[in-house]
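>>> missing the sequence, but the structure's below:
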């Protein structure tokens with residue numbers, strides 16, 4: 001009786017593990033067939049932009065330059081930002097094979113000190129690319145007088 005129970009449990013275990021392995025292999029094959037490599041479709045000129053030092057609260061922009069390097073047209077579906085301080089400007093396309101296009105990313109500058117932000121560009125067929133930018137904001141000292149006021153004061157004392 002013990003042998004029959006042990007054989008039954010072993011058989012059940014073997015059947016279940018085989019079914020699970022077949023299911024995961026099937027889903028991997030499907031995902032690989034459907035997902036393309038973005039590097040074979042779109043060439044990105046820059047994926048991590050350095051703004052350097054910018055004045056606090058001063059809006060800045062940069063263009064993410066791209067080129068369709070595939071033989072088919074490419075279409076942008078969405079541009080998702082990581083926070084409300086970043087504003088994307090883009091057109092969906094379609095962009096023909098060999099065509100250059102861009103997404104403009106604006107940053108409002110209202111982050112104190114060092115900042116790192118990311119934006120994800122989503123294309124047709126499940127393709128996407130994350131773009132990053134970083135920099136540092138600085139504030140002018142509160143007691144700093146404008147240069148024009150200082151020169152007026154000196155000229156009035158003579």
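Sure, I can see it. In this text, all values refer to a predicted model and were calculated from it rather than measured experimentally. Residues are numbered from 1 along each chain as shown.
>>> the lowest-mean-pLDDT helix or strand in the chain: what's the following helix or strand?
Every helix and strand in the chain was compared by mean pLDDT, DSSP states H and E; the lowest is helix 2-34, with a mean of 49. Next along the chain after helix 2-34, taking DSSP states H and E as the criterion, comes strand 42-44.
>>> now for that following strand, which elements pack on it?
strand 60-68, strand 128-138 (3 or more Cβ pairs under 8 Å, 6 or more residues apart in numbering; DSSP states H and E). In this view, the C-beta of every residue, glycine as well, is placed from N, C-alpha and C.
>>> now render those strands as JSON lines, adding mean pLDDT and distance to residue 50.
Listed next are the helices and strands packed on strand 42-44 as JSON lines, based on pLDDT from 0 to 100; distance: least, Cβ to Cβ, whole Å:
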{"stretch": "strand 60-68", "mean pLDDT": "97", "distance to residue 50": "10"}
{"stretch": "strand 128-138", "mean pLDDT": "96", "distance to residue 50": "6"}
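>>> adding distance to residue 88 and mean neighbour count, write the ones you listed out as TSV.
Converted to TSV, the helices and strands packed on strand 42-44 look like this (distance: least, Cβ to Cβ, whole Å; neighbours: other Cβ atoms under 10 Å):
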stretch	distance to residue 88	mean neighbour count
strand 60-68	9	17
strand 128-138	10	16
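>>> distance to residue 47 added to those, as a markdown table?
Rendered in a markdown table, the data for those read as follows (distance: least, Cβ to Cβ, whole Å):
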| stretch | distance to residue 47 |
| --- | --- |
| strand 60-68 | 8 |
| strand 128-138 | 6 |
